[in-house]
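Trainee: got a sequence here, can you build the structure:
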Amino acid sequence: MITTRISIAVSDTDAANGNVLSALVEGQSPLCIETGADGALTISAQCAEQRPSDADLLGGSERDEPASDEVSAEKVPSDAEDEDDAAELQSVQHGQARTSEEDTGKIDRVGFYVRFRGLFHKRLNQSQVDGYNAIFARWESDETLTDVRWLAYILATAYHETGRLMEPVREGFAKTDQGAVNAVTRLYKKGRISRNYALADPPGSDKHYFGRGLVQLTHRSNYERLGRVLGIDLVNNPDLALDLKTSVDILFIGMIDGLYTGKKLAHYFDAERAQWGNARRIVNGLDKSALIAGHGRKFYEALTGTPI
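Mentor: Down below sits the predicted model:
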């Protein structure tokens, strides 16, 4: 195998943006992005595949009814929990909570990937890069989206729900539909969920509505609701939720419009509040809320260069 390595000094922002973005779009597959101690960004055609840890495998699987606000055994955040967001809120009020390329509204991908390496993990494979870039492209396509905290929490949700793979997955990270059905069935038998929502619906059919996507879309009613809004038949074709573009659209519309639980991003992030913990209610009650809140804050720093 021929390995191509491209090293770019991050300080040379103009040149780096053009070269790195070209490499990401047109480069060899798979690509691996790394930064060295000297701050140089390296893109390589070889990269060890990252798989979720055992802890990640429970990511978005512990679902019950779609509108549930069930509380997990973890620490439950209150509205006052986010007192450490005061400085961040002040920056929002001064117009600083924007993408790092304010004049164009574009995400500074070079800066993001460099900071990501220091905040999360050192390597990204091509499918992870594709996932991040698809989310960035969707964000940039809508000029009404300006609060970067929203993007940070969207990224945190996808990062958690996919076990950091950043690609649409079946529940339990199964390779087949039957594998996902088996994964949900095991959770049901262990008493982790109160209803086996992966069973055929209607009974005797070949349609199963277990979790799929960048956010684990579960239950027939949610497939029907999101499909209707997107203008696609997710009820008869649930595997469409495994398509990257479709999955990104589901992720954005569900979290922005409140189509999962009735809660939406605007309920938790605006000029007067930043509730990173309670924002988990948008998707799944308070399940793993503290963990995902931490991811969200780190993604905000990766996007803007400003820690909160």
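
Trainee: check contacts around the closest residue to L217 other than its chain neighbours.
Mentor: Distance criterion CB to CB, 6 or more residues apart in numbering; nearest residue to L217, sequence neighbours excluded, is A241 at 5.3 Å. C-betas here are computed from N, CA, C, even on glycine. Listed by CB atoms under 8 Å, 6 or more residues apart in numbering, the contact set of A241 reads P168, R212, G213, L217, Y223, L234, S247, I250.

Trainee: R281 now?
Mentor: With CB under 8 Å, 6+ apart, R281 has these contacts: D69, T261, K263, Y268, S289.

Trainee: which of the contacts of A241 fall within helices?
Mentor: Counting by DSSP state H, those place Y223, S247, I250 in helices.

Trainee: thinking again about what came up before, pick out the most distant pair among the contacts of A241.
Mentor: Pairwise distances among the contacts of A241 were taken by CB to CB; the largest, 13.9 Å, belongs to P168 and Y223.

Trainee: okay, those two: which has more neighbours?
Mentor: P168 (28 against 24; other CB atoms under 10 Å).

Trainee: my guess is the more buried one contacts D243, does it?
Mentor: Yes. P168 is within contact range of D243, at 6.9 Å (criterion: CB atoms under 8 Å).

Trainee: ends of stretch 252-270, how far apart?
Mentor: End-to-end distance for stretch 252-270, by CA to CA, to the nearest Å: 17 Å.

Trainee: swap in stretch 201-218?
Mentor: End-to-end distance (CA to CA), stretch 201-218: 12 Å.

Trainee: mind listing what's buried in that stretch?
Mentor: Buried residues in stretch 201-218, counted by 16 or more other CB atoms under 10 Å: D201, H208, Y209, F210, G211, R212, G213, L214, V215, Q216, L217, T218.

Trainee: where exactly do the helices run in the stretch 51-200 of the chain?
Mentor: For the stretch 51-200 of the chain, the helices defined by DSSP state H, counting those that start in this stretch cover 86-93, 109-119, 126-140, 148-161, 177-189.

Trainee: let me know which of these is tucked in deepest.
Mentor: Ranked by mean neighbour count, those are led by helix 148-161 with a mean of 25 (mean count of other CB atoms under 10 Å).

Trainee: tell me the mean pLDDT over that helix?
Mentor: What helix 148-161 shows for mean pLDDT is 98.

Trainee: can you check stretch 212-226 too?
Mentor: Computed over stretch 212-226, the average pLDDT equals 96.

Trainee: just give me the closest of the contacts of R281 to N133.
Mentor: Y268 (25.7 Å).

Trainee: who are the contact partners of that closest one?
Mentor: By CB under 8 Å, 6+ apart, the neighbours of Y268 are Y153, A274, Q275, W276, N278, A279, R281, I282.

Trainee: try 10 Å
Mentor: 79, 82, 149-150, 153, 274-282 (CB atoms under 10 Å, 6 or more residues apart in numbering).

Trainee: got it, and F252?
Mentor: I135, R138, W139, S141, D142, L145, W150, L151, I154, L214, V215, L265.

Trainee: tally of neighbours for the fifth one?
Mentor: This means D142. 11.

Trainee: touching, it and V248? I think so.
Mentor: No. Using CB atoms under 10 Å as the test, D142 is too far from V248 to be in contact (11.8 Å).

Trainee: rewinding a little: ok but the residue nearest to L217 is inside a strand, no?
Mentor: No. Counting by DSSP: H, G, I helix; E, B strand; the rest coil, A241 falls outside a strand, being helix.

Trainee: sorry, back to before: wait, which of the helices of the stretch 51-200 of the chain is closest to K298?
Mentor: When the helices of the stretch 51-200 of the chain are compared (using CB to CB), the closest one is helix 109-119, at 4.6 Å.

Trainee: quick check: the farthest pair among the contacts of Y268?
Mentor: D79 and W150 (18.5 Å).

Trainee: coming back round to it: weed out the non-buried ones from the contacts of R281.
Mentor: Counted by 16+ other CB under 10 Å, the contacts of R281 give T261, K263, Y268, S289 as buried.

Trainee: columns distance to V181 on top of those residues, output as JSON lines?
Mentor: Formatted as JSON lines, those follow (distance: CB to CB, whole Å):
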{"residue": "T261", "distance to V181": "24"}
{"residue": "K263", "distance to V181": "28"}
{"residue": "Y268", "distance to V181": "33"}
{"residue": "S289", "distance to V181": "28"}
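
Trainee: mind listing which of those residues are in helices?
Mentor: Per DSSP H, those map to helices at S289.

Trainee: out of the buried ones among the contacts of R281, show me where the pLDDT dips lowest.
Mentor: Lowest pLDDT among these: T261, 94.
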